Structures are given as structure tokens and as C-alpha cells.
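Chemist: predicted structure and sequence below. I'll ask about it afterward.
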2 protein chains.
Amino acid sequence: MSTAPLWIEGSFRPSADGGAGFQAWNPVTGRPISGEYPISGRCDLEAFLAAATRAAPILAEAPPDAIARFLEEYATRIESHAVALSGLAHEETALPVRPRLFEVELPRTVKQLREGARIARSRNWREPVIDTAANLRAQRGPLGKPVVIFGPNNFPFAFNALSGSDFVSAWVAQNPVLAKGHPGHPHLTEALAHLAQDSLDVAGLPPGSIQLCYGLEESSGFALAGDSRVGAVCFTGSRPAGLALKAHADSAGIPFFGEMSSTNPVFILPGALDERGEALATEIATSCLLGSGQFCTKPGLIVLPSGPPAETWIGTLTGLFATAPTAVLLAAGVRDRFEAALARWAEAGARRLTALRPIAEAGFRAQPALFSVDVQTFLAHRTELETEAFGPAALVLFGVDPTEMPHLAAGLEGQLTATLLSAHNGADEVFYAPLATVLRMRAGRLLNDKMPTGVQVSPAMNHGGPFPATNQPGFTSVGLPGAIRRLSALYCYDGIRPARLPAELANSNPVPGLWRLIDGTWTTGDID
Amino acid sequence: MSTAPLWIEGSFRPSADGGAGFQAWNPVTGRPISGEYPISGRCDLEAFLAAATRAAPILAEAPPDAIARFLEEYATRIESHAVALSGLAHEETALPVRPRLFEVELPRTVKQLREGARIARSRNWREPVIDTAANLRAQRGPLGKPVVIFGPNNFPFAFNALSGSDFVSAWVAQNPVLAKGHPGHPHLTEALAHLAQDSLDVAGLPPGSIQLCYGLEESSGFALAGDSRVGAVCFTGSRPAGLALKAHADSAGIPFFGEMSSTNPVFILPGALDERGEALATEIATSCLLGSGQFCTKPGLIVLPSGPPAETWIGTLTGLFATAPTAVLLAAGVRDRFEAALARWAEAGARRLTALRPIAEAGFRAQPALFSVDVQTFLAHRTELETEAFGPAALVLFGVDPTEMPHLAAGLEGQLTATLLSAHNGADEVFYAPLATVLRMRAGRLLNDKMPTGVQVSPAMNHGGPFPATNQPGFTSVGLPGAIRRLSALYCYDGIRPARLPAELANSNPVPGLWRLIDGTWTTGDID
């Protein structure tokens, strides 16, 4: 069995490291999928870095039209292969083709690529600022070095190292991409690579602009994250892997942007429980079990107010979890870590509410699980009980006096999201403000009366949050142009002669839709 | 001799650590200044962190008017004590009262505090973004944790941990400040602390909003930078100290913003040398020797084109350095490190052009020094020869073919600034573009035909640059509101009920001058 080629400097060629390969697995059957992929080491990395370093200055000077053209071509190609790509993704991830892959995730990915093209053309990611009196002009620009992207397993399109938000962000900022595809879905990523190469050819951009590897020896992954030829590192995945890569990037002074788990607490206030408890239980169970519970923003910790309705409500939620079908997880490792996280919850004093049933089917399956714990136990073991269980499970924290919720919230780890469910009749207003005030600074996104699992591609989105949800609370990894800001540098032009200024900073605005902050006023106009 | 009190939670009280103290030194006389300051350890830090943690949520909710009021009161107090403060600063730093301290640096500092007040009132640092269709609204907000600021020695007002750009940035973003004053000028910093406390009282803000220590045991400094109660760490100073603190902040996932040395290369193109060589020599010598060469943006590396005019020009520059008066440096340690850096240059093959003269006067003095080196030697020892010599010295790199300058520039370390001096008659245009293209991505600020030592407070300034000049190429530490962005978090409001939105994100714009990006359009208007 020959090993699949890497994508290096515009061609598809075998790994030069000659190490062991790996296979993808079908999570439904639990059997390997035919075809072997290489695990890259130092030789491959050297080739990647050399090619990307050659491409970087060319890409930095490329016309915005070529950058946009690539994204549009790529989006169109993904769209026209949507059926085949969704099928590949399904085989490798077990995520349903419909609605998830074909109707939701792939279209969202295509939309984001096109949004990137629009912003590349408008150049609004550059955020030009001009001080005419001082003759100082500044804007964002490329890093001049490649961006390394470690893609996650759970969104094979929308967060793929070769098509997700990090990819679009790095690309619009005109940085070469060094994609480390997730080993869970290499066939899909390989298919994307071919579409990307065709699109690069059409756009006339240098080989080495985008490259791909599938697997990395651990030491090579660390070496890559800490190589001074790298401009930035993006990572979406587990906390231990993220922190290990971050340490290597940190030691070389390389900006690291990691998204590294979150329990996404949902606080239910007593009025909401009274008013629409049953509807909320359905909403929470649906959100929690979506995609087999493998969302970064899955509501994993449900905080219930003290009082008798809580007991009935927990029963309702337990019923929904208990009757939900067995979930297929992305990989054997995901299943094992999920079960280990549940065992840790149990050890720390949480009670399993859903009965353990034997799983008869093959594949990487887990039973949806609901746990509960009282406040005292939670506070005594919060490190263990705040650990994310990545999969179809939630922990209900019950018996919390609503006036004590702010104190509880203050001790939470940094989160991607925090949700507040309150009565529509005003009964919860007395509790809302003190809790929201505390919760606000513990999470990147605060929600009212809806579930956090939807992450819209919008300039006003924040898919980010305080450490350890991410390591930079000022940034979002979804939503343009915000996410691009992470992967750009700030460049000031001081007394530069007019003919030498980049077009975006000239007196005359080069693009109709380009917003510039000129002497304190945002305008699409010229300097007279 | 009793030790000066620390400023902790609104009162001036002795260090609880009871360790050894230190004295400031008069650099002109080389003798200690009367008055001892404490070196803080774990007990003091615990008090600081506990107080700041109490203040953080209150400050985060404080009205913008109170935040601005403090800055205005403080600015006015500094202004009305300008003579005394400049005198104190002079005694501790030897920087001239006029024009430097009284006429330039103090007014610049006051202006920056008032600029901060203006932005706190306009709320423009929050950068609100609203997507009405998705009902997503986002803006920047406080970190909810204190910002630790390590101030440098070389700008006792403009970069003081208690009055500089990091201070204003942290404050406008409504974060408590934990100031670590530089031990070189504790009397000045103590005087500022009293003015700040009076201003806090007027503004009615919590004690613990701003606190101050003067010295820290090394292990306590590291513990502070890596304490999870800290929201961000700002540092301006030497590279070894910066990197050591950064490692501790990194390991705790705390954003670190370090400005850590730069040689600020100046490239002279042949036409400019022909056209105005003598004027350029004067300009460079003046800029280089300004403030005894103790500017972060001092032009420390002068790249000269090959050809006969270069030799004469070096002679002219050498004359200017040789006849410049002996410089007084900030401290004995600064002088020693300066001399050590020159010795390292010499060892690596650079030639000292200015004769060594014995220094008769007392104090921490150094002789202005000009060195030169040829390209081959430079390329063979670039690590040593790119090392910043913080003080009145520059290295002239001669014999560089202008067509080889881009290659040379490509290998430079990340810089705060890079300067290009070219002919006005167009003779250098053939060299300019290739060099500027490469240099652009090596420095935060690119200059034409002027010296880099002026760092204006402007929204279009970038006082930043690629690693190792700083560790985050996307940020400036001077220029508002850019510098504030570093010390804020991004917060998204998803489906939040209208009455619960922060004022800045409501449909109706709460402040006449507040710019908001609404559905892709920057406007100061309302949502209808």
C-alpha cells in the first residue's frame, strides 16, 4: 500500500521522512479506511518551511484581486464537489451528511471563503489610520512569514486547516499557510488540497502559498510551532495539546492563538424554570447532543436554581438523555477521553443519572450521559468537575441559590460562552444583572435565551474568550475581519513620500468600499 | 533611615516584607540620593493582588466620566507641579530639565493623559460592532483583572509605570494598575503616586485601582508576572529581563506585551549621500546622541552604500561623535552594559573610530562612540553586531552595494523602526522600492528622510514591531486607542435583550462622538 503524497510547493509528492504512516478510521464501523497517510518529520518540515519562506514576500505583494480570486475559485470548486466532499467527511467523522455536512457546515465554509474574498477586495482588514497633521499613516499588513494551522477533528470543513476560519484569516492577510490537517479526516483534506491547488493555478499565485501535511511526529510538531521562520500558530483542539504547542511558540516569540476547550456554562434562573422548564430541557438536550456533543461551544455545565421545580426538571432532562440514541464519536481516542472525563466527574462526586447500557453496535460509540452534583461537592472539586467532557454529556449543578450564582460564576474558568436563561415576565430581573456582570468577564460570548452551539460567521461574533478557553482574550477566531487581525502585523509609515505609500494610505482612496480612519473620522472618502 | 512607604489600596504604608531597601543614585555625581525605598516580596505582592482583585469589578463598571475625570485631574496636578517633578526627574536620571523634561516629556505625558480622558469619554476604545440581522453585538471591555506594568528607566514621565502609555491604556480600559516603578527614579514615581491618589479621591474611584511598588525581588517579579489573578503584563526594558518575565506570563496564559530593544537601522542610499551627506551626518549624530543615546528608537545601525563618498562621510560623522560632550547615563549598570556592548562589537570585528579618552568627571559617564564594520565581518558576526548598545553609540556598516541592501535587510532582526534616506532628485528610486519592500516587514515603523527618535502620540503611530523588538507584531504601545486594544478583551452579546445591553451597543448611540460599525458601515448614528 503506497502512502498518500504531501502537498509541497505546488506539487503532490511523497514524504521524505519515510517514517510510519497512518490510516483514517470509519467511526461507524470502527474499521480503518483504505489508504495510508504519511507522518512527517524534520525533512518534510524543512521543505515546507523553505517553500513557504520563498512564497511569503511574493504573496505579501500579490494584488488583492488574486487573493480574492483564489478564495472564490476555491469556494466554487468546493461547492461543485459538495456531494462527494460531504460523503468523504461523513465516512471519516460519522457526522451526518444531512443536514450537518451538506446543508450546514459546507455552505457555511463556502460562505466564509467568499466573505474572505470580499474583504480581500475591499481591503478593510487593513484598517488604515491616517493622521494628516503628523503625516503618520498606519495599516495592517502580512506577517511576512507563514502561518501554521493545526486543524481540529470536529468541524471537518468549517475549521479544517485548509478551509476554515484560520485558513481564510491567514490567507486574506496574505500569509502563506502551512496546514496540518487533522489525522481524523485525511481523505477529505486531501480532496480539498487538490481543489485548492487548482484554484491557486487559476489565481496565478506562487507554489508554496499553501502546503499540507497530515500527521507530525510530536517532536516535529513542537519544532514547527517554535521555528523562527513561522509568523504565527493557530490551534483548535484539546487543552493539553494546545498548551504544549503554545509553550514552543512562546519560547520563540511566535504569536500563538489557541482555542482549547470550554464547558460553556448555562445558568437557569428560577423564573425561566417555572415559565418554560420543559422547553428549556428539550433545547438544552438538543444543543448538548448535537454532533454527538462534539462542539467547542456545547453547553456542558447546567446551573440550576434551588427549589422543588429543579428536581422534576432534572428528571425531564434525564429522560431526554436516556432516550437519545447512542452517539458515534469521531475516533476511538475521543471516545476513550470522553469516558475518562466522565469517570473523573464520578470520582469527584458527580452522580450519573442516565443508566449505563451496554453498547452492542460496532464503531466508536458512547451513550449520552447526564450527571448531577450539588454545590458543596462542586466547590470542593471544581477543577475536576469543570473539566470538559468532549462528547454527549452534561453536568447539572443543582441547588444553587440564585443570589449565590454570581459568586459561583466568579470562580469559573475562562469560557468561550456563558448563557443566561431568564423569565420573559420579569421575574428574574433581580437576579440577572448581578450574575451577568460577573459572568460577562468570564466568557467571550454572553447569550440570552438561546443555546451557544450556533457560531455565526459575522463581524460581531466572538469565538474566543479568557484563558484557558483561549490564550488571548482580545481576539476572535471566527468573524471577519476580526479573525484576520490576529494574523496581521501593524505597520506605520512615518513621513513616507506620497508616491511611495501603499495605495490604501494614499490621499485618494483606492477602493470604493474601503473605510479609513482619517483624523478621527471613519470615511470611505479621499483626503482633499 | 526609614524606608519609603508603598502605595497599597489607597494608603501609603510600609512594606510587609521587611527586606533590604535600595537608594536612587544621582547619575551626575555618582552618589546615592538620600531616602530609602523598599524591595517588595511575596507579602507585599499578596496585598497588591488582593486589593486589585477587589477593585477590578468595581472599576470595570465605573462610569466613563469617572475614569476620564481621574486622568484630567491627574494631568492637571502633574502640570501644576511640573517644575518640582522635572527637578526630581533630573536629579534621578540626569536628563536635562530643559528642553527634555520640562518642555517635551512632561507636556507629552500630560497630553497623553488628556487624550486618554477624551477616549474614555467618547468610548471609542470599545470599537462596537453590530450585526442587526444576526442580533450579534460586540465590543471591547475591561480584562476584569489588574494589569502589571514594568516601567523603564529612560522616560521617567512618558513611559513611567504610573503615568506612561501603558498606564493610560490599562486605565482607559478600566483595569486596575499594578505599577512596578523603575528603581532608577523612585522619588519621582513616589511624587506621582501622591498626585494620582489625590486624583483618585476626586474621581471617587476605589482604592486598589492603582498601586505601586518600587523594587521587587527577582523571584517575586516572576511570581507576579505569572500570577493567574493578573490580566496582562506590560514591560519596557532590556531583552533579557523582558524574555524572563515573558516566560512566566506565558506559562500562566497571561498576555504579555514587551518592548525589548531595537537597533533601528538607517539605510543611506547613494544619491542621498551625494546630495546632502553632511546634513545627514549632523542629523544622525544629533538623533543618536539625544538623551545620551538612551532612546528605544535610537538609530544604532547606519548602513552606508559602497563608493568613495562613504569614507569622507564616515570621517564627518566620526568628528561629530568625537567632539560631542561626554554623556551622563541613567545608572552605573546602564553604563557598564553599554561599555560591555561596545566591547562585544569590537570583539566581533567592529573598529572604534572615536578615540578613547579618559573621563575625569564623576558620575555615570560614557564617551560617545562610533564604530564601523565592513559587510563581510557584519554578516559573519551579525548576532553580536546587531546587539543594541543602549547609550551614545552607533555602528556604521560600510561598503554595501545598494542592490545588496535588500538581502542584508532580509536578515535583520525585528525592529521598532527602519529608516530610508534617499535623494530628492529621484536618483535613488531604482534602489528604494526593493529595499523598502523587504525592510517594511522587519520593522513596526518605516521612515523617509527623518530620524526615528520622535515617537508622536497619534492614533496612526506604531511603537511596536516584529520579535524580538516586541513579542506581538500586531500592537503598538503608543498611540490611542491602538495601545488600549492590547489591554482589553473582546466581548460578544448574542441575543441579549435590548434593556440589558451595555449603552454602547444599544440601538441608540449614547455618545455623540462614538463610532460604531453597524452592518458594515462606520457611523456615529443610531439604529432606527
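Modeler: Yep, it's here. Residues are numbered from 1 along each chain as shown, chains lettered A, B, ... in the order given.
Chemist: which parts of the stretch 251-400 of chain A sit against chain B?
Modeler: Proximity of the stretch 251-400 of chain A to chain B, by CB under 8 Å from any CB of the partner chain, involves residues A:Ser251, A:Ala252, A:Gly253, A:Ile254, A:Pro255. Using the backbone N, CA and C atoms, a C-beta is placed for each residue, glycine as well.
Chemist: now swap in the stretch 1-150 of chain A and tell me
Modeler: A:57, A:60-61, A:129-131, A:134, A:136-138, A:140-144.
Chemist: show the backbone phi and psi for the residue in the stretch 101-250 of chain A positioned nearest to chain B.
Modeler: For the stretch 101-250 of chain A and chain B, the shortest gap (CB to the nearest CB) falls at A:Gly144, measuring 3.4 Å. Here is the backbone geometry of A:Gly144 (degrees, to the nearest 10): phi 80, psi 10.
Chemist: can you pull out the strands in the stretch 201-350 of chain A?
Modeler: A:210-213, A:215-216, A:232-236, A:256-259, A:265-268, A:301-305, A:327-328 (DSSP state E, counting those that start in this stretch).
Chemist: now those in a markdown table, with mean neighbour count?
Modeler: Below are the strands of the stretch 201-350 of chain A laid out as a markdown table (neighbours: other CB atoms under 10 Å in any protein chain shown):
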| stretch | mean neighbour count |
| --- | --- |
| strand A:210-213 | 28 |
| strand A:215-216 | 22 |
| strand A:232-236 | 28 |
| strand A:256-259 | 26 |
| strand A:265-268 | 27 |
| strand A:301-305 | 25 |
| strand A:327-328 | 23 |
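Chemist: could I get those strands as JSON lines with mean pLDDT?
Modeler: Shown next, in JSON lines, are these (pLDDT from 0 to 100):
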{"stretch": "strand A:210-213", "mean pLDDT": "98"}
{"stretch": "strand A:215-216", "mean pLDDT": "95"}
{"stretch": "strand A:232-236", "mean pLDDT": "98"}
{"stretch": "strand A:256-259", "mean pLDDT": "98"}
{"stretch": "strand A:265-268", "mean pLDDT": "98"}
{"stretch": "strand A:301-305", "mean pLDDT": "98"}
{"stretch": "strand A:327-328", "mean pLDDT": "98"}
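Chemist: check contacts around A:Leu320.
Modeler: A:Ala281, A:Thr282, A:Ala285 (CB atoms under 8 Å, 6 or more residues apart in numbering or on different chains).
Chemist: from these, list just the buried residues.
Modeler: A:Ala281, A:Ala285 (16 or more other CB atoms under 10 Å in any protein chain shown).
Chemist: so which of the contacts of A:Leu320 comes closest to A:Ala75?
Modeler: A:Ala285 (34.6 Å; CB to CB).
Chemist: hmm, A:Ala322 and that closest one touching each other?
Modeler: No - A:Ala285 is beyond contact range of A:Ala322, at 10.1 Å (criterion: CB atoms under 8 Å).
Chemist: which of the contacts of A:Leu320 sits closest to chain B?
Modeler: A:Thr282 (17.8 Å).
Chemist: apart from its neighbours in sequence, what residue is nearest the closest one?
Modeler: A:Leu320 (6.6 Å; CB to CB, 6 or more residues apart in numbering or on different chains).
Chemist: would you check how far apart that neighbour and chain B are?
Modeler: Noted for A:Leu320: a distance of 23 Å to chain B, by CB to the nearest CB, to the nearest Å.
Chemist: now do A:Leu280
Modeler: 15 Å.
Chemist: check A:Arg440 too.
Modeler: With CB to the nearest CB as the criterion, A:Arg440 and chain B are 6 Å apart.
Chemist: confidence score at the nearest residue to that residue once chain neighbours are set aside?
Modeler: Nearest residue to A:Arg440 in three dimensions, chain neighbours excluded: A:Leu446, at 5.8 Å (CB to CB, 6+ apart). Note on A:Leu446: pLDDT of 98.
Chemist: which residue, other than its chain neighbours, is closest to A:Gly220?
Modeler: In this structure residue A:220 is Ser, not Gly. Using CB to CB, 6+ apart and skipping the chain neighbours, the partner closest in space to A:Ser220 is A:Gly41 (4.9 Å).
Chemist: same question for A:Ser40.
Modeler: A:Cys213 (4.4 Å).
Chemist: for A:Ser238, same thing?
Modeler: Closest to A:Ser238 by CB to CB, 6+ apart is A:Ser261, at 6.5 Å.
Chemist: so which residues of the stretch 51-200 of chain A form strands?
Modeler: Assigned by DSSP E, counting those that start in this stretch, the strands in the stretch 51-200 of chain A fall at A:129-131, A:136-141, A:147-150, A:177-180.
Chemist: for those, which one sits closest to A:Ile78?
Modeler: Among the strands of the stretch 51-200 of chain A, strand A:177-180 sits nearest to A:Ile78 (CB to CB), with 14.9 Å.
Chemist: can you name every helix or strand that that closest one contacts?
Modeler: helix A:42-60, strand A:147-150, helix A:165-172, strand A:210-213, helix A:218-225 (3 or more CB pairs under 8 Å, 6 or more residues apart in numbering or on different chains; DSSP states H and E).
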